[in-house]
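Q: quick one, structure for this:
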Amino acid sequence: MEISSMSKVTLVIMAAGIGSRFGGGIKQLEPVGPNGEIIMDYSIYDAMEAGFNKVVFVIRKDLEKDFKEVIGNRIERVVDVDYAYQELENIPERFRGKLEGRTKPWGTGQAILCCKDAVDGPFLVINADDYYGKEAYREAYQELVKPHTGSEISMVGFRLKNTLSKNGTVTRGVCKIDEASMLEEIEETYEIEAKGDHAAAQKAGTEIRLDLESPVSMNMWGLQPEFFEILKSGFADFLDKVEEGDVKAEYLLPKIIGQLLEDEKVQVKVLKSHDQWFGVTYKEDKGTVVEAVRELIAKGEYPERLFS
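A: Modelled structure (predicted):
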C-alpha cells in the first residue's frame, strides 16, 4: 500500500481495559508526570516526535467523560484525534446469545476491529498503560511508511528482562525470530516473573524457564487497513467456537497473529527496541513509574510540561 498525501499515519491506543489487577481504579488515567501527565501523554509525545499525525483512542462509552477530561480534550489541541468504542455488545447479531453472564469486552482483536471507520492509512497499535520508549516509535514509523500489502505487518519486539514488573507476574507474547528478523512463532505466556538469572512462567500447571533476553511482544503492532478484513472474518470464526456460558474467552492479537503465521497468511517483521518498558499493571507499580518519568525528565528526554 502506498501512502497518499491525504492519509494519516495513526497511533491507535487501546484504553478500554477494565484494569482488574489494578484494584478497581482506571489505571490508564493514573497521573505519573509532574503536572498530572499520564503514561498516554508520553506515548503520544513520542509518537508525534517520530512522525505520527493522528491518534485514535479505543475506549468504553462509560469511560468517555472521565477520559476526555483527563487527556482527550487536551490532546485534541495538538493532534488530530478520533474515538472508537469497544463495547461488549458490539458483535454480530447471530452471536448475541453468547453475551449472557459476560461483563468485559472481547479482547484486543475486537478493540482494533472497532477502529475500522477511524483509520484510513497505516497504523500502530499500543496499550494505554505501557510506556514503550522513543526508539520503538521511530522504528515503527519508519517501517509503516514503506509500501506494504495487507499481509505484511510489523511488531516492535522488546527484551523480556526490560518488560517485567517487580510487583507481580506479567503476560507476554514470547517470540521466536529467524535470522532475517521475521517472526516465526508467538506464544502467549502467563505468570512470568524474574528469578535471578532467568525468568519463569506457568504452562499447564508446570513452571517453565525463560531466557531474560527472549524477544517478547508488548502489543505494539504496525498494521495496514487491509488487516481489518482479516480481523472481521477471524472474529466471526472465533465467536462461532465460543461455548455458551464461556465468559472469559478473548480474541487476542498475539493469538490471532500467531495463527495467521501458522497458516502462512501473514509475514511479520520484528523491529527491535532496547528501551526499558514500564507500566502500571499493579497499584504498586505507580511509584516506580513516577520515579522513571522523573529520571527521564532530568536526562532531558522530556520537558517538565508536555504540550505546553
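Q: can you map out the helices along this protein?
A: Using DSSP state H, the helices of the chain run over 39-50, 64-67, 73-75, 108-113, 134-144, 227-241, 253-262, 285-298.
Q: how near is Glu93 to Leu99?
A: Distance of Glu93 to Leu99, computed by Cβ to Cβ, to the nearest Å: 11 Å. No exception for glycine: its C-beta is placed from N, CA and C like everyone else's.
Q: follow-up on the earlier one: now render the helices of the chain as CSV, adding mean pLDDT and mean neighbour count.
A: Shown next, in CSV, are the helices of the chain (pLDDT from 0 to 100; neighbours: other Cβ atoms under 10 Å):
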stretch, mean pLDDT, mean neighbour count
helix 39-50, 96, 22
helix 64-67, 86, 15
helix 73-75, 93, 16
helix 108-113, 94, 24
helix 134-144, 96, 21
helix 227-241, 93, 16
helix 253-262, 90, 20
helix 285-298, 93, 16
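Q: reformat those as a markdown table; add distance to Ile13.
A: Conversion of the helices of the chain to a markdown table gives the following (distance: least, Cβ to Cβ, whole Å):
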| stretch | distance to Ile13 |
| --- | --- |
| helix 39-50 | 6 |
| helix 64-67 | 11 |
| helix 73-75 | 10 |
| helix 108-113 | 10 |
| helix 134-144 | 12 |
| helix 227-241 | 17 |
| helix 253-262 | 14 |
| helix 285-298 | 17 |
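Q: quick one: which of those helices is nearest Asp275?
A: helix 134-144 (5.1 Å; Cβ to Cβ).
Q: what angle sits between that closest one and helix 285-298?
A: Orientation of helix 134-144 against helix 285-298 (axes from the mean of the first three to the mean of the last three Cα atoms, to 10 degrees) gives an angle of 80 degrees.
Q: what about Gly279, distance to Lys272?
A: In terms of Cβ to Cβ, Gly279 sits 19 Å off from Lys272.
Q: more neighbours: which of those two?
A: The neighbour count for Gly279 versus Lys272, taken as other Cβ atoms under 10 Å, is higher for Gly279 (21 against 14).
Q: please say which of Glu93 and Leu99 ends up with more neighbours.
A: Using other Cβ under 10 Å as the criterion, Glu93 and Leu99 rank with Leu99 on top: 13 against 5.
Q: what's the distance between that one and Lys248?
A: 13 Å.
Q: beta partners for Val12?
A: Listed by DSSP bridges, the beta-bridge partners for Val12 are Val56, Val125.
Q: and it, what does it touch?
A: 55-56, 58, 84, 112, 115, 119, 123-126 (Cβ atoms under 8 Å, 6 or more residues apart in numbering).
Q: now these in JSON lines, with distance to Met218?
A: Shown next, in JSON lines, are these (distance: Cβ to Cβ, whole Å):
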{"residue": "Val55", "distance to Met218": "18"}
{"residue": "Val56", "distance to Met218": "19"}
{"residue": "Val58", "distance to Met218": "16"}
{"residue": "Ala84", "distance to Met218": "21"}
{"residue": "Ile112", "distance to Met218": "15"}
{"residue": "Cys115", "distance to Met218": "19"}
{"residue": "Val119", "distance to Met218": "20"}
{"residue": "Phe123", "distance to Met218": "16"}
{"residue": "Leu124", "distance to Met218": "12"}
{"residue": "Val125", "distance to Met218": "10"}
{"residue": "Ile126", "distance to Met218": "8"}
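Q: please indicate which of these are buried?
A: Among these, the ones that count as buried by 16 or more other Cβ atoms under 10 Å are 55-56, 58, 84, 112, 115, 119, 123-126.
Q: just the strands in the stretch 101-250 of the chain please.
A: Counting by DSSP state E, counting those that start in this stretch, the stretch 101-250 of the chain has strands at residues 123-127, 130-131, 152-159, 170-177, 183-195, 198-203, 206-210, 215-223.
Q: need those in TSV (columns: mean pLDDT and distance to Glu143).
A: Converted to TSV, those look like this (pLDDT from 0 to 100; distance: least, Cβ to Cβ, whole Å):
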stretch	mean pLDDT	distance to Glu143
strand 123-127	96	9
strand 130-131	92	19
strand 152-159	94	5
strand 170-177	91	15
strand 183-195	91	13
strand 198-203	92	28
strand 206-210	93	27
strand 215-223	93	6
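Q: nearest to Asp66, out of the ones you listed?
A: strand 123-127 (18.3 Å).
Q: check which helices and strands the closest one is in contact with.
A: Applying 3 or more Cβ pairs under 8 Å, 6 or more residues apart in numbering; DSSP states H and E, we find strand 123-127 packed against strand 10-14, helix 134-144, strand 215-223.
Q: the last one pairs with which strands, parallel or anti?
A: Under the criterion DSSP bridges, strand 215-223 sits next to strand 123-127 (antiparallel), strand 152-159 (antiparallel), strand 170-177 (antiparallel) in its sheet.
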